[in-house]
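**Q** Below is the sequence, then the predicted model.
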Amino acid sequence: MRTIDQFQYLLLLAGCLLITLPLELILGARVYRRARALIFALVPVVIIFSIWDIVGILRDHWSYNPRFVTGWQLMFGMPIEELTFFVVVPICGLLTYAAVGQVLRRLGFGSAQEPDA
């Protein structure tokens with residue numbers, strides 16, 4: 001039987017996405033609207049950190065407390081939460097970066113045009 005504790009990691013990541021969503025909707029960060037650029041930004045991060053994580057798991061450098069993960073695992077024992085982390089955290093970072101750029105442009109401190117995606 002699963003407990004709420006086992007969903008804490010996923011709930012935290014969902015909260016991160018929810019908290020940064022207004023940066024897209026209200027400040028116009030335009031991260032989600034540029035899906036191709038977002039995918040190109042995420043793919044290297046997901047690949048590199050997934051490999052790093054799997055190596056750490058296989059070499060017993062770290063493990064995950066079963067109390068706080070669902071138990072759903074990908075190849076080589078990597079928890080689904082960890083892969084989700086490698087997607088969510090960069091998205092939140094990109095949203096924050098783009099939103100700060102939008103605010104600076106509106107205040108007259110940045111370039112008037114957005115970078116091409």
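**A** Nice, I can see it. Residues are numbered from 1 along each chain as shown.
**Q** can we go C-alpha only for contacts and neighbour counts from here?
**A** OK.
**Q** in the helix or strand where Val87 lies, what counts as buried?
**A** Assigned by DSSP states H and E, Val87 belongs to helix 80-106. Using 16 or more other Cα atoms under 10 Å as the test for burial, helix 80-106 gives 80-83, 85-88, 90-92, 94-96, 98-102.
**Q** cool, stretch 44-57 as well?
**A** Within stretch 44-57, the residues scored as buried using 16+ other Cα under 10 Å are 46, 50, 53-54, 57.
**Q** what does that stretch rub up against?
**A** Residues from elsewhere that reach stretch 44-57, judged by Cα atoms under 8 Å, 6 or more residues apart in numbering: 62-63, 76-78, 83, 86-87.
**Q** Next: stretch 88-98.
**A** Contact with stretch 88-98 is made by 13, 16-17, 20, 23-24, 29-31, 38, 42, as judged by Cα under 8 Å, 6+ apart.
**Q** which of these tops the neighbour count?
**A** Counting neighbours by other Cα atoms under 10 Å, Ala29 comes out on top of the contacts of stretch 88-98 with 23 neighbours.
**Q** Against Leu83, how distant is the residue nearest to Phe85 when sequence neighbours are not counted?
**A** Spatial nearest neighbour of Phe85, chain neighbours left out: Leu13 (6.8 Å); criterion: Cα to Cα, 6 or more residues apart in numbering. Applying Cα to Cα, to the nearest Å, the value for Leu13 to Leu83 is 11 Å.
**Q** ditto for Val100
**A** Note on Val100: its distance to Leu83, by Cα to Cα, is 27 Å.
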